[in-house]
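Colleague: How does the following fold in three dimensions:
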Amino acid sequence: MVEELIVDTEDRMRKALDFMRDEFRGMRTGRAHPGLVETIRVDYYGTQTPLKQLANISIPEPDQIVVKPFDSSALSEIEKSIHTSDLGISPQNDGKLIRLIIPPLSEERRKQLVSRAKEVAEESRVSIRNIRRDANKHVDASKKDGNISEDDQTRSKSKIQDVLKTIEDQIDEDLKRKTSELMEI
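Modeller: Residues are numbered from 1 along each chain as shown. Below is the predicted model:
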């Protein structure tokens, strides 16, 4: 029972880490990459659909993203969704595909993005610490109910703390990588 709790705790913490990584992927760095636009939601026949399911996204040049819809009738909706997103880039529609020219980031904007990355990382840390707290409560409840011994309780809490430390180290590593990527000129 305790092993299942630890596996479940690690799984939940990894999901929080994956969420942070997805957020980082969507942050503009001055270089084009598909992650900037693939999660943008497009109203496609009344359904909010991720752009990556509606179009081929390619990077022909380091500062350009090309979005070629599978269904050309969705072109105007894709353009509208990109325009209203928080990406801050004006789409160029030529009737068959959409080009996005990625302008270089100003120093001020880079610092804002680094600040946002730190906020996202801290939200992830808070999330995994809450997961640890819940897991420790379950361990304490099991000890109180007599299902596990005091030694098992201590061992379980130690394993949960080890999982937390591993995930926190990955968060710090990812934040450091994203920060250097954002500050790169």
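
Colleague: May I have the residues that are in contact with residue 83?
Modeller: Taking Cβ atoms under 8 Å, 6 or more residues apart in numbering, we find residue 83 in contact with 90-91. Any C-beta I mention is one placed from the backbone N, CA and C, and that applies to glycine too.

Colleague: And it, how far from residue 125?
Modeller: 34 Å (Cβ to Cβ, to the nearest Å).

Colleague: helix, strand or coil for residue 43?
Modeller: Under DSSP: H, G, I helix; E, B strand; the rest coil, the three-state class of residue 43 is strand.

Colleague: how far away is it from residue 180?
Modeller: Residue 43 is 37 Å from residue 180, by Cβ to Cβ.

Colleague: pretty sure residue 49 is in a helix, no?
Modeller: No. Secondary structure of residue 49 (three-state DSSP): strand, not part of a helix.

Colleague: any idea how far it is from residue 79?
Modeller: Residue 49 is 15 Å from residue 79, by Cβ to Cβ.

Colleague: With residue 147 instead?
Modeller: Counting by Cβ to Cβ, the gap from residue 147 to residue 79 is 59 Å.

Colleague: got it, and residue 169?
Modeller: Counting by Cβ to Cβ - residue 169 and residue 79 are separated by 42 Å.

Colleague: In terms of neighbours, single out the busier of the two.
Modeller: residue 79 (18 against 10; other Cβ atoms under 10 Å).

Colleague: quick one, which of residue 43 and residue 180 is more surrounded?
Modeller: Using other Cβ under 10 Å as the criterion, residue 43 and residue 180 rank with residue 43 on top: 13 against 10.

Colleague: so that one makes contact with residue 79?
Modeller: No. With contacts counted by Cβ atoms under 8 Å, residue 43 stays clear of residue 79, the gap being 11.8 Å.

Colleague: For the residue nearest to residue 85 when sequence neighbours are not counted, grab the count of nearby residues.
Modeller: Using Cβ to Cβ, 6 or more residues apart in numbering and skipping the chain neighbours, the partner closest in space to residue 85 is residue 40 (5.0 Å). Residues near residue 40, counting by other Cβ under 10 Å, number 20.

Colleague: Just the pLDDT for residue 40.
Modeller: Looking at residue 40, its pLDDT reads 88.
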